[in-house]
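Novice: Test case, fold it:
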Amino acid sequence: MAAVFQSWWFRLLRILAVGYGCLVLFACSMADRLIFMPPRPSYSSEASALVMIPSASGNPVAAFHYPAQAGKPTVLYSHGNAEDIGQSITLYQAWKDLGWGVLAYDFPGYGRSPGRPSESGAEDAIDAAWTFLTDQQGVAPGDIVVVGRSVGSGPSVWLTRTKQPAALVLISPFTSTFAIHSPAQYLLPGNRFPNLKRIRRNETPLLVIHGEADRIIPVSHGRELHAASPSKHKQFTGVPGAGHNDLFYLAGPQVIETIKDFVENPQP
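Specialist: Numbers count the residues shown, from 1 in each chain. Okay, here's the model as predicted:
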């Protein structure tokens with residue numbers, strides 16, 4: 001009887017091990033494909049503001065560049081998932097109306113940026129964009145405002161661990177990709193963009209803006225990132241009634257004004 005019981009437990013453990021192994025394989029091989037959903041390019045390769053920035057990977061990074069007026073900051077913008085830089089022209093215009101500069105770049109596989117989307121590819125792209133601003137355009141790090149929306153929060157948090165921009169602005173961010181809809185972040189390797197882990201060692205001035213009615217990335221993610229930040233200057237702004245995709249439609253001017261006030265008043 002004991003031998004039968006032990007054999008049953010052995011078979012159960014073996015089934016569980018095989019099942020877990022399949023989950024691990026799926027997570028590691030499919031995560032990037034599930035996270036990144038690039039649309040068809042929305043802009044022409046002949047766009048007037050388009051620049052192609054060299055990167056460490058060898059793939060150029062497509063970006064729109066609008067220089068700042070003298071004495072004004074420059075936004076380094078990382079877009080959301082199912083969009084490219086051509087779909088946020090009105091957002092760039094709002095910053096340009098303030099005299100601010102904008103460098104909005106595309107992840108690999110998005111817009112006119114060649115390559116395949118991945119966590120490392122997005123990080124390589126934002127690093128190239130930072131280098132373009134600081135080394136080629138002569139923009140001081142303290143004049144750069146790093147803004148990341150949704151999945152763009154990942155490379156933005158990653159970059160500002162080692163850089164010293166004026167501020168980090170996260171719009172509808174997540175604590176990590178696996179944490180959005182399930183507790184798999186605690187069970188599986190291969191989690192992407194562990195923002196919560198990284199923000200705990202990031203003292204960059206932090207502004208988090210999140211729609212209170214966001215059903216894609218719950219507002220709890222934004223609140224948790226704000227609470228975990230060790231920055232001496234941080235702020236959380238919830239937007240009542242706004243979801244994930246209608247945040248700018250419902251509260252665009254409020255979002256721009258909140259970012260402006262935070263950047264121009266750096267003291268707590």
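
Novice: Could you grab the helix/strand/coil label for residue 86?
Specialist: Using DSSP: H, G, I helix; E, B strand; the rest coil, the three-state assignment for residue 86 comes out as helix.

Novice: Pretty sure it sits against residue 38.
Specialist: No - judged on Cβ atoms under 8 Å, residue 86 makes no contact with residue 38 at a distance of 12.0 Å. In this view, the C-beta of every residue, glycine as well, is placed from N, C-alpha and C.

Novice: which residues are common contacts for the two?
Specialist: Listed as contacting both residue 86 and residue 38 by Cβ atoms under 8 Å, 6 or more residues apart in numbering are residue 111.

Novice: Tell me which of those two has more neighbours.
Specialist: residue 86 (21 against 18; other Cβ atoms under 10 Å).

Novice: Please report how far the nearest residue to residue 54 once chain neighbours are set aside lies from residue 229.
Specialist: Here the nearest residue to residue 54 in space, its sequence neighbours aside, is residue 60; by Cβ to Cβ, 6 or more residues apart in numbering that works out to 5.9 Å. Summarising the geometry, the distance separating residue 60 from residue 229, computed by Cβ to Cβ, to the nearest Å, is 33 Å.

Novice: Comparing the two, which residue is more hemmed in?
Specialist: Set side by side, residue 60 and residue 229 show more neighbours around residue 229, with 24 against 18, by other Cβ under 10 Å.

Novice: Show me where the chain has its strands.
Specialist: 50-53, 61-66, 74-78, 101-105, 144-149, 167-171, 206-211, 234-239 (DSSP state E).

Novice: I'd like those strands as CSV, with mean neighbour count appended.
Specialist: Compiled in CSV, the strands of the chain are given as follows (neighbours: other Cβ atoms under 10 Å):
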stretch, mean neighbour count
strand 50-53, 17
strand 61-66, 23
strand 74-78, 27
strand 101-105, 27
strand 144-149, 26
strand 167-171, 28
strand 206-211, 25
strand 234-239, 19
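
Novice: For residue 121, which of those strands is the nearest?
Specialist: Judged by Cβ to Cβ, the one of the strands of the chain that comes nearest to residue 121 is strand 61-66, at 9.6 Å.

Novice: Just the residues contacting the closest one, thanks.
Specialist: Residues contacting strand 61-66 (Cβ under 8 Å, 6+ apart): 47, 49-55, 85, 92, 95-96, 101-106, 108, 110-113, 125, 128-129, 132, 137.
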